[in-house]
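Q: pasting the structure only:
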C-alpha cells in the first residue's frame, strides 16, 4: 500500500521562478532516429581530492552537467546550503513533508512565482554514476544513449519499488524534440493522481492521468491509447574522473517531474545521489534543512574531513 503523505501548510522564505523559459538555442544534437547524441561536457579529468569531503568531490565532478554548483565544505555539514535567499510575501497553496534520511523533506507550492533564481539554487537532485564508459558505447566510440538511458532508468525503478511495491512502470522513453529532458519513465495506475497533483503548481486538482497515444509524443512510446504519467530526468556525460589511479566516466541524471517519488529514489538508489537544500519542479519549491550526498542509502555531509 502506498505510504501516506503528511500534508501541511507553510510560508516560503523566497520569491522563486520555475526556470522553464526557453533559452532560444537549437537544442542538443540528435541522431537519425531523434535520440540525443551525448557529448562529453568537459575534457578535463577530475582528480579525487582527499582534502575535501566525499560529497564535495562528487559535486565537483558533476558540475560540468550544471549540478552541484555552489557547494563547499563546512565545519558543520548540516550548515550546507544556498545562502542569500531573501524573504518576501509569497502566498502558499499547500505543502507536504516526508522523511528523508535523518531530516525532513518539505514541499511548498506557490500560487504565484515571481523573482529570479540563481543557477546555484536551481539544480535538482541528481544521480551521479561512475562507470566504465566502454560498456555503453557503440562501434566508433560514440555513446549508446538508449543503453545508458535504460541502465539508469532500471536502477531508478528498482529504487522506487523498495518503497512502492505495487507501482507499475511502463517503458523508459525519449520525447520527440524535447530540448530539456531526454528520459521519461512511464508510470501507470492510481498513483498517477498523486504524482501529477504533487508536481502541479495549481491550487486545484489536475487530471489523474495523461491519456493519449504515447507513440505520437515519444520516439519509443507504445502505439496505443493509454492512461499514464511519468518521471522525467536528463542524462548527460559530465566528463571523466581519476579515483585511486583508475579512470571512470561521470554520468549525471538530474531528476525533474515525478517529485513525489524523489525521496524513494534518494533513499534507495544504488549509487550516488546529490541532493540540494532547495529546488524547484514546475513551480513547486521543495526544501530540506541542508544539502547532502547519498551513497547507497547513506547520508554523507558537505563537511570538512
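A: Okay, I see it. This structure is a prediction, so every number in the text was calculated from the model and none was measured.

Q: now do the longest helix seen in the chain: distance to the chain's middle.
A: For the chain, the longest helix by residue count, based on DSSP state H, is helix 145-161. Distance of helix 145-161 from the chain centroid (CA atoms, centre = their mean, to the nearest Å) equals 13 Å.

Q: next one: stretch 59-68
A: Taking CA atoms, centre = their mean, one finds stretch 59-68 lying 13 Å from the centre of the chain it belongs to.

Q: do me a favour and get the end-to-end distance for that stretch?
A: This stretch, stretch 59-68, spans 5 Å end to end (CA to CA, to the nearest Å).

Q: which stretches of the stretch 201-305 of the chain form helices?
A: Assigned by DSSP state H, counting those that start in this stretch, the helices in the stretch 201-305 of the chain fall at 262-268.

Q: in it, where is pLDDT below threshold?
A: Within the stretch 201-305 of the chain, the stretches with pLDDT under 70 are 201-205.

Q: please name every helix or strand in contact with the longest helix of the chain.
A: Here helix 145-161 touches strand 126-131, strand 168-173, strand 183-188, strand 226-243, strand 246-255, helix 262-268, going by 3 or more CB pairs under 8 Å, 6 or more residues apart in numbering; DSSP states H and E. Quick note: C-beta positions are derived from backbone N, CA and C, even for glycine.

Q: go again with 7 Å.
A: Packing partners of helix 145-161 (3 or more CB pairs under 7 Å, 6 or more residues apart in numbering; DSSP states H and E): strand 168-173, strand 183-188, strand 226-243, helix 262-268.

Q: that one versus strand 226-243: what angle between them?
A: Using axes from the mean of the first three to the mean of the last three CA atoms, to 10 degrees, the inter-axis angle of helix 145-161 relative to strand 226-243 is 100 degrees.

Q: for helix 145-161, buried residues please.
A: 145-146, 148-153, 155-157, 159-160 (16 or more other CB atoms under 10 Å).
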